[in-house]
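Trainee: Here's my sequence, what's the structure:
(one chain, ligands or ions: 1)
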Amino acid sequence: MHIDIDIHKTLRSGKRTFHLHARLHSDNPRLVIIGPSGSGKSLTLKAIAGLITPDSGHIRLNGSTFFDAQAGIDLVPQQRKVAYLFQDYALFPHLNVRQNVGFGLQRGWRNPDARAAQATVDQWLDAFHLMPMAEQFPDELSGGQRQRVALARALVARPQALLLDEPFAALDPVLRIDMRAELDALQTRLQVPMILITHDPEDARVFGGVVLQLREGSIVTDAGSGIARGREA
Ligand SMILES: Nc1ncnc2c1ncn2[C@@H]1O[C@H](COP(=O)(O)OP(=O)(O)OP(=O)(O)O)[C@@H](O)[C@H]1O
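Mentor: Sure thing, here's the model as predicted:
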């Protein structure tokens, strides 16, 4: 993965003003952005996904320009072909596991015919050990199973990168350890580039390729951050 970001955004709410200046550059398929609550992690991830628009700057991923204020480029989220895994997984409560995963295909940029879609969904249910609970609804699943459904739904359309917003925050401490290991293995197996935001140094330690620290809206490259760790691309 080659990612090149340099964006500014100012947000105002009442008397408060928040300045985001995210500047990063990496060739590692694993990027972790770590920072305390309110440091701008979600805003950065949302800007990459196209869910918010920066005031200025550019966002490039794998040779494709997602956003370039000067050139007037601002691809809509679907055109960016990245998947976004929300902190609470955002599963549809009225859809069962199979339907939730299938939704990832319908919404995605790939629209296979019904039979091909079914086969693809089955393949992902199988890969995530979700076949036995394919007909269950989200509130009938454990936290780890819910996360697997969300991952399967995110990956089913074969995104060019997976954006993960605090993926372990909703899990209890024991499950968190297991799911970190699962995500680590998944990235190695699928080779899908992942950008993960977290406030937990342990997530960065276990998962991190390149780890960057965000403080008050800016990427800080001193204080031991911004260094390449773990495996390189
Ligand atoms: N729509 C908005 N209008 C004004 N300010 C906003 C808006 N969205 C976010 N902010 C502010 O921007 C700052 C960064 O928010 P962001 O959600 O990126 O933080 P975060 O690092 O992801 O925090 P957390 O770990 O708590 O989710 C916060 O101070 C927040 O109050």
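Trainee: Now do the contacts for A49.
Mentor: 77, 80, 82, 84, 163 (Cβ atoms under 8 Å, 6 or more residues apart in numbering). C-beta: built from backbone N, CA, C; applies to glycine.
Trainee: can you count the residues close to the first one?
Mentor: By other Cβ atoms under 10 Å, 15 other residues sit near P77.
Trainee: Quick one, grab the pLDDT at the residue nearest to the spatial centre of the chain.
Mentor: Nearest to the mean C-alpha position of the chain, counting by Cα atoms, centre = their mean, stands L163 at 1.3 Å. For L163, the pLDDT comes out at 96.
Trainee: what about it, distance to R80?
Mentor: With distances taken as Cβ to Cβ, to the nearest Å, L163 is found 10 Å from R80.
Trainee: Need the residues touching each of these two.
Mentor: By Cβ under 8 Å, 6+ apart, L163 and R80 have these common neighbours: 48-49.
Trainee: Is any residue of stretch 205-213 near the ligand?
Mentor: No. Counting by Cβ under 6 Å from any ligand atom, the ligand has no neighbours in stretch 205-213; the shortest distance is 11.3 Å.
Trainee: Give me the distance from that stretch to the chain's centre.
Mentor: Between the centre of stretch 205-213 and the centre of its chain there are 14 Å (Cα atoms, centre = their mean, to the nearest Å).
Trainee: Next secondary structure after the helix or strand hosting A204?
Mentor: Using DSSP states H and E, A204 sits in helix 201-207. Sequence-wise, the next helix or strand downstream of helix 201-207 (DSSP H and E) is strand 210-215.
Trainee: Distance check, E216 against I48.
Mentor: In terms of Cβ to Cβ, E216 sits 19 Å off from I48.
Trainee: Looking at this structure, which helix is longest?
Mentor: The residue-count maximum for a helix in the chain (DSSP state H) belongs to helix 173-190.
Trainee: For that helix, buried residues please.
Mentor: For helix 173-190, the neighbour count (16 or more other Cβ atoms under 10 Å) marks 175-176, 179-180, 182-184, 186-187 as buried.
Trainee: How about stretch 128-137?
Mentor: Those would be 128, 130, 133-134, 137, for stretch 128-137 by 16+ other Cβ under 10 Å.
Trainee: Who has more neighbours out of E216 and I48?
Mentor: Each of E216 and I48 has its neighbours counted (other Cβ under 10 Å); I48 has more, 23 against 14.
Trainee: Touching, that one and I195? I think so.
Mentor: Yes. Contact criterion Cβ atoms under 8 Å: I48 and I195 qualify, at 6.8 Å.
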